[in-house]
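# here is the input, now give the coordinates:
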Amino acid sequence: MSAFDYRNFDDRRQNSANAKAALLAKFKARPPADDPEVRAKAEARAAVTRAREERTREREAARVAAELKAAEEKRAREEAELAAQIAREQAEAQALQERKAAELNAKKEARDARYAARKAKAKVKR
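Predicted coordinates:
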């Protein structure tokens, strides 16, 4: 709790009136809106704002360009991976086909050899 205030009502009213008068004097001391100095400050603030907005636009454009470049690189990488996978699968299919053909040829040769052996055995018996 604050200490007892010995000031009376008139002192407080006078202090309030003085404060209001000081605020009014400060407001009246302001230069008008069409003052060259006020205009210069406003133009400087506007120039700073325009420069800030331009930098923001440049950063945004750079970010969009970087995102597009990254997306293009990712797409190219995925296409290369897909092409490599397709080539691997085709090579595997080709190897499987060649292996099956070789097995078929080996079976045919074995069958032909057995047939030839039976024929030779039959000739010998005659």
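# low-scoring stretches of the chain, by residue?
1-6, 126 (pLDDT under 70).
# biggest helix in it by residues?
The longest helix of the chain (DSSP state H) is helix 36-125.
# tell me how far that one lies from the chain's centre.
21 Å (C-alpha atoms, centre = their mean, to the nearest Å).
# likewise for stretch 34-46?
Distance, centroid of stretch 34-46 to centroid of chain: 41 Å (C-alpha atoms, centre = their mean).
# who's in contact with that stretch?
31-32 (C-beta atoms under 8 Å, 6 or more residues apart in numbering). Any C-beta I mention is one placed from the backbone N, CA and C, and that applies to glycine too.
# can I get that stretch in CSV, CA atoms only?
Only the C-alpha atoms of stretch 34-46 are listed here, as CSV (Å, rounded to 0.1, in the frame of the first residue of the first chain):
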residue,chain,number,x,y,z
ASP,A,34,2.2,19.1,-46.3
ASP,A,35,5.5,20.1,-44.7
PRO,A,36,8.4,19.2,-47.0
GLU,A,37,10.3,17.5,-44.1
VAL,A,38,7.2,15.3,-43.3
ARG,A,39,6.8,14.5,-47.0
ALA,A,40,10.5,13.6,-47.3
LYS,A,41,10.2,11.3,-44.3
ALA,A,42,7.1,9.7,-45.8
GLU,A,43,8.8,9.2,-49.2
ALA,A,44,11.8,7.7,-47.4
ARG,A,45,9.6,5.2,-45.5
ALA,A,46,7.8,4.4,-48.8
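# just want the most central residue of the protein.
residue 67 (5.0 Å; C-alpha atoms, centre = their mean).
# how near is it to residue 36?
Computed as C-beta to C-beta, to the nearest Å, the residue 67 to residue 36 distance reads 46 Å.
# and for residue 89?
Distance from residue 89 to residue 36, by C-beta to C-beta: 78 Å.
# residue 74 too?
Residue 74 is 56 Å from residue 36, by C-beta to C-beta.
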